[in-house]
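Colleague: Pasted the sequence and its predicted model underneath.
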Amino acid sequence: RSTGRGRWLEVAVRTNGGGAFTALAPRQPLLASPYAVMANTASNLLGTLPAAQLTGTLPVTALPSSVLTNNANGVTLTGSFVGNGAGLTNLNAGSLAVPSGGIVLSATASNAALASAGFALMVNPLGAGWTQATNPTPWRGRSNFGAVAFNGQMWVMGGYNEGGYLNDVWSSSDGVTWTQATSAAPWSGRDGFGVVALNGQMWVMGGWTNYSARGFNDVWSSSDGVTWTQAASAAPWSKRNYFGAVAFNGQMWVMGGYGSTWLNDVWSSSNGVSWTQATSAAPWGGREGFGAMALNGQMWVMGGSGSSDFNDVWSSSNGVSWTRVASAAPWGGGEGFGAVAFNGQMWVMGGYGGHDVWSSSNGVTWIQATSAAPWNGRGWFGAAALNGQMWVMGGWGGGGCVLNDVWFLQNATMLGGFYLFQKH
């Protein structure tokens with residue numbers, strides 16, 4: 001390549017065996033510009049060689065000790081990685097060389113990849129760390145309302161207060177900022193109804209408005225809390241209130257409650273239209289105001305009131321066969337308490353002015369987290385699990401007082417907005 005002043009090329013010729021050379025004219029200019037040279041092999045190349053011009057396989061041994069992919073897609077590297085890992089994504093958690101006791105960070109409290117690789121979410125001391133998110137909320141104080149976690153939000157709907165029976169719907173992702181989806185859903189104002197999240201929908205079913213009406217057995221669904229569709233105006237299960245409603249194994253389940261008497265039948269449906277009766281009389285006695293949840297491949301029924309106050313615990317994998325795992329749990333019997341599955345545990349809390357908190361992984365052994373949580377004693381309140389937190393909201397505080405405060409338990413250990421997972 002010539003980089004200096006221009007040059008001239010003079011060419012002279014002669015015939016074979018001829019005498020003097022004859023110069024050809026005109027002379028040819030050689031300008032100061034690059035020209036290409038092609039060689040079979042090359043070394044000591046300068047500048048940048050576009051990757052598109054490379055063909056064949058480049059041996060790993062030919063790579064320098066530090067390789068930069070420049071954000072290229074489809075680059076597959078194998079072997080050991082040494083460095084701080086900044087910017088790495090889509091890592092296989094099972095391939096992480098983390099010793100037992102080692103800690104990694106996760107953006108979410110639920111991480112199936114880490115769990116399958118032998119990591120467990122680190123938690124604070126059992127039941128410690130209740131924090132008040134807000135008091136009061138923009139939704140009016142109420143009791144016997146519906147509360148459910150759905151689509152990254154917690155939802156509060158319906159219920160009862162001194163103004164009557166409600167059918168408004170509210171949602172929040174943090175318990176502080178609440179948005180009203182509707183002030184009047186098409187389903188009638190009610191309390192003591194069931195609400196579950198299933199198949200990308202929230203479902204509202206049953207409940208009542210007064211003692212004489214004996215309630216509802218209709219079923220409604222919504223994907224956004226604004227628009228509601230009636231799936232059934234009269235499901236085959238009888239009108240009832242204060243019953244158990246659970247989403248389990250691709251079905252919504254309705255069990256027990258109170259109609260003209262205390263009930264212990266069990267029904268299921270995948271669409272709210274067609275219902276199947278699992279049993280007309282489960283072995284747990286007819287009851288209302290009990291706790292119901294799904295955990296570890298089982299449905300659970302606990303506590304409540306009927307012919308007496310109960311504090312027993314039952315489980316079933318199919319709604320037909322039930323096993324009593326505890327005849328008398330250490331928490332007091334009765335109705336109106338909060339029950340929620342959270343962090344691999346069943347939690348029972350509050351009820352009729354109480355504010356104790358208990359947990360169990362198997363329904364047999366229960367541990368009291370606290371005898372007096374910082375939130376006021378209450379019954380018939382909302383309880384939900386969302387974003388690695390357990391939430392308590394609203395309810396009946398006694399003396400005709402209804403509440404609209406919101407509290408959460410941050411049971412997971414966090415660092416800078418990330419959840420900590422520890423290797424077993």
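Modeller: Looks like it came in fine. Residues are numbered from 1 along each chain as shown.

Colleague: Disregarding flanking residues, what is the spatial nearest neighbour of R190?
Modeller: Excluding its sequence neighbours, the residue lying closest to R190 (C-beta to C-beta, 6 or more residues apart in numbering) is G207, at 3.7 Å. (C-beta placed from N, C-alpha, C; glycine too.)

Colleague: Can you give me the distance of that neighbour to N296?
Modeller: Remark: distance between G207 and N296 (C-beta to C-beta, to the nearest Å) = 29 Å.

Colleague: More neighbours: which of those two?
Modeller: G207 (31 against 14; other C-beta atoms under 10 Å).

Colleague: quick one: low-confidence ranges for the stretch 251-400 of the chain?
Modeller: For the stretch 251-400 of the chain, no stretch is flagged by pLDDT under 70.

Colleague: Please enumerate the helices of it.
Modeller: With helices called from DSSP state H, counting those that start in this stretch, the stretch 251-400 of the chain shows none.

Colleague: can you map out the strands along it?
Modeller: 251-258, 262-269, 276-279, 291-295, 298-305, 309-316, 323-326, 338-342, 345-351, 354-360, 367-370, 382-386, 389-398 (DSSP state E, counting those that start in this stretch).

Colleague: who's in contact with V13?
Modeller: F21, T22, L24 (C-beta atoms under 8 Å, 6 or more residues apart in numbering).

Colleague: Would you mind putting those residues into TSV with secondary structure, distance to A234 and neighbour count alongside?
Modeller: Conversion of the contacts of V13 to TSV gives the following (DSSP: H, G, I helix; E, B strand; the rest coil; distance: C-beta to C-beta, whole Å; neighbours: other C-beta atoms under 10 Å):
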residue	secondary structure	distance to A234	neighbour count
F21	coil	114	10
T22	strand	114	12
L24	coil	107	11
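
Colleague: Nearest to M302, out of those residues: which one, please.
Modeller: L24 (107.0 Å; C-beta to C-beta).

Colleague: what's the spacing between the closest one and G141?
Modeller: In terms of C-beta to C-beta, L24 sits 105 Å off from G141.

Colleague: Same question for E10.
Modeller: Distance of E10 to G141, computed by C-beta to C-beta: 103 Å.

Colleague: ditto for D191
Modeller: 13 Å.

Colleague: okay, those two: which has more neighbours?
Modeller: Counted by other C-beta under 10 Å, D191 and G141 do not tie: D191 has more neighbours, with 24 against 19.

Colleague: Show me what that one is bridged to.
Modeller: Listed beta-bridge partners, D191: W208 (assigned using DSSP bridges).

Colleague: All set now, cheers.
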